[in-house]
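Peer 1: Provided below are the primary sequence and the corresponding predicted coordinates.
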Amino acid sequence: MNDAFTQNKSGKTSTIDFGFRTVKREDKQKLVGGVFDKVANRYDVMNDLMSGGVHRLWKSALIDWMAPQPNQHLIDLAGGTGDISLRFLRAGGGTALISDINHSMLSAGRRRRDIAKHEKRLSWCVSNAECLPFDNGTADIVTIAFGLRNITDRQAAIAEAHRILKPGGRFLCLEFSQVRSGILQRAYDAWSFNALPLIGRLVAGDAESYRYLAESIRTFPAPEILADMFASAGFAQIRVRKLSAGIACIHSGWKLD
């Protein structure tokens, strides 16, 4: 039997994707951590270069759909350098907590000058999205942007998002997705697998990390599968918005009780 389909006693596969490689499930977290340790100090600059700045439009679309309110508390999973939380606060949100498993990413976020002026409404927490240290019903909104594909047990992370939401709370996931157009897919592949590692090497001194990030997009579940994962975690009124011809998607789900 192929190792990728060998299950352990919990029913989970003993191996998992790490880009196009297959690795032991217990090794993925450390490997992903190594990637983000390397890219943390240049992460925000590289986001602009990799997307031509379009990631800013996608994040704006996320915030617009969220419609933050002054009485709301946001928990942003895999929140890294704080981009989503900062946008939430600027758009009228109340308070935000940035949760990430990677110390280097959170440290890079704390050094941002535009974050500092909002520090009274911001908090930071080093935590694993698969097993969060927050009480049930803590947040009005939970987000994760470009982070779910790097988590080992994605279903566990989605379930944790549901657990920490208040009844009536909302979970939004912004993530790269699958392009349906053949012509656009070929152009996108050429950019992802040729240009991104080159930019990574020239700007961040690291081609391999950006090669992994490009590969991880291709192995991420299709939008309809991710929607089913939301439903399995207990979310209702699930909606999907495609952005830029499907290069990215926002999934939204509500916790009703």
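Peer 2: Cool, the structure landed. Numbering: from 1, shown residues only.
Peer 1: pull the longest helix from the protein.
Peer 2: helix 25-39 (DSSP state H).
Peer 1: who's in contact with the very next helix or strand once past that helix?
Peer 2: Using DSSP states H and E, the next helix or strand after helix 25-39 towards the C-terminus is helix 43-51. Contacts of helix 43-51 with the rest of the structure, by CB atoms under 8 Å, 6 or more residues apart in numbering, involve 36, 39, 55-56, 58, 80-81, 83, 105, 108, 112, 196, 199-200, 203-204, 210. Where you see a C-beta, it was placed from the backbone N, CA and C, and this is true even at glycine.
Peer 1: Out of those, which sit inside helices?
Peer 2: Using DSSP H, these in helices are 36, 39, 55-56, 58, 83, 105, 108, 196, 199, 210.
Peer 1: between those, which is nearest Leu256?
Peer 2: Relative to Leu256, the closest of those is Trp58; by CB to CB it sits at 27.0 Å.
Peer 1: What is the neighbour count of that closest one?
Peer 2: Residues near Trp58, counting by other CB atoms under 10 Å, number 21.
Peer 1: got a pLDDT number for it?
Peer 2: In the predicted model, Trp58 carries a pLDDT score of 94.
Peer 1: show me the contacts for it.
Peer 2: 51, 174, 243-244, 248, 250.
Peer 1: Any idea which residue is closest to the centre of this structure?
Peer 2: Gly147 (2.0 Å; CA atoms, centre = their mean).
Peer 1: what residues are up against the closest residue to that residue other than its chain neighbours?
Peer 2: Closest residue in space to Gly147, ignoring its immediate chain neighbours: Ala78 at 2.6 Å, by CB to CB, 6 or more residues apart in numbering. Ala78 makes contact with 99-101, 129, 144-148, 150-151, according to CB under 8 Å, 6+ apart.
Peer 1: Could you pick out which of the residues you listed are located in strands?
Peer 2: Residues of the contacts of Ala78 located in strands (DSSP state E): 99-100, 144-145.
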